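[1] Sharing a model that was predicted from the sequence below.
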Amino acid sequence: MELFDLEPSLKSIASGGNVLNCQELTGVQAALNLLKVNEKCTEVYFWGKIFGLTSDYYIAYCLGVSDFEFPTKAFFFAGADFDFRRLSTPTKEMAAKVLELAADKPFTGVPTTVLPGQGPAGEEEPAEAEEGEAPPADGPPKLTEADLLAQVVLEIDQDTSAVPRGAHTLSEAHAVVPSSDFKGLGGTEATALSKYVHFRPPTSVASLRALARTDAQFYASFLDPLEGDLPQGSWAIRQDPSAALVTLRSLSWPGYAAFHVPGTKKFGGAYFGYGQKCRDLPFLL
């Protein structure tokens, strides 16, 4: 959700049962404006809120300028003090270790909390080195809840980030930019899952081929469609009785909701949840 349109956008997904109260909204808006200045970001977005046992995490990201293809997302998190700090980008090894230690475990809300299982129980402190000997080598740094948060945010963002098809295009420099020709989806097509895509670097072969083309007809078909997500049926679309608003909800990540106002350029999405994926969904559908 874009910073300048945050409050109206939150109302558009309020049917999901989660919004920001007045104190949270004021704190997030002020903090994100400060983040935009400090990080020299051209665009700042509110990503969502992850619930913790003692405190919650507010997540935002800056969309960097890309000279070629997809722009980069730099994620930030804040606690009750609304002091946004950058989330690290986990490596493949770190991501695998984090999932091994704390997969589907609830967040405490304290980012410095050390993840369990990193060493034998009752492990003693290393002995001090004798005079003239080299000090004992410290082991690798312990993984903390901040590392788990970074991994979960990236995983959710990879599986969600729904936007209308055609809202972005490739510039002449082959960079992803907002499309000036996009006027919004029609009332009927806005309820079709095939008209929505993931706003992230494409992974499917068809999208990668389209991304490599230079033909103008492919400039709106280079992002992965939601209808290709597995398992089939992992997205639910609802249109308001007034037909003035369409919302999409992820069944894989309960708490993620996106919206689009047909006939306009207005769309967005946010996640409010515990950061836990519904891994039983293939058996429930």
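    Everything's here; your move. Source: prediction; values computed, not measured. Residues are numbered from 1 along each chain as shown.
[2] Do I have it right that residue 226 meets residue 193?
    Yes: counting by Cβ atoms under 8 Å, residue 226 does reach residue 193; the two are 5.4 Å apart. The way it works is simple: take the backbone N, C-alpha and C, and place the C-beta from them, glycine included.
[3] quick one: which of these two has more around it?
    residue 226 (23 against 17; other Cβ atoms under 10 Å).
[4] mind checking the end-to-end distance for stretch 222-234?
    22 Å (Cα to Cα, to the nearest Å).
[5] got the contact list for that stretch?
    159, 162-163, 165, 168, 170, 176, 193-194, 196-200, 202-204, 207, 210-211, 235, 248, 250-252, 281-282, 285 (Cβ atoms under 8 Å, 6 or more residues apart in numbering).
[6] in that stretch, what's buried?
    222, 223, 224, 225, 226, 229, 234 (16 or more other Cβ atoms under 10 Å).
[7] For this protein, name the helix or strand with the lowest mean pLDDT.
    Lowest by mean pLDDT, DSSP states H and E among the helices and strands of the chain is helix 205-212, with a mean of 60.
[8] Helix, strand, or coil at residue 148?
    helix (DSSP: H, G, I helix; E, B strand; the rest coil).
[9] neighbours of it, just the number please.
    Neighbours of residue 148 (other Cβ under 10 Å): 24.
[10] do the same with residue 172
    The burial count for residue 172: 7, using other Cβ under 10 Å.
[11] Enumerate every residue touching it.
    Taking Cβ under 8 Å, 6+ apart as the definition, residue 172 has no contacts.
[12] Could you check which helix or strand contains it?
    In the assignment (DSSP states H and E), residue 172 maps to no helix and no strand.
[13] all numbers from here: first residue = 20
    In the new numbering, first residue 20, that becomes residue 191.
[14] does residue 196 have beta-bridge partners, and which?
    Beta-bridge pairing of residue 196, defined through DSSP bridges, involves residue 188.
[15] my read: it touches residue 188, true?
    Yes: counting by Cβ under 8 Å, residue 196 does reach residue 188; the two are 6.4 Å apart.
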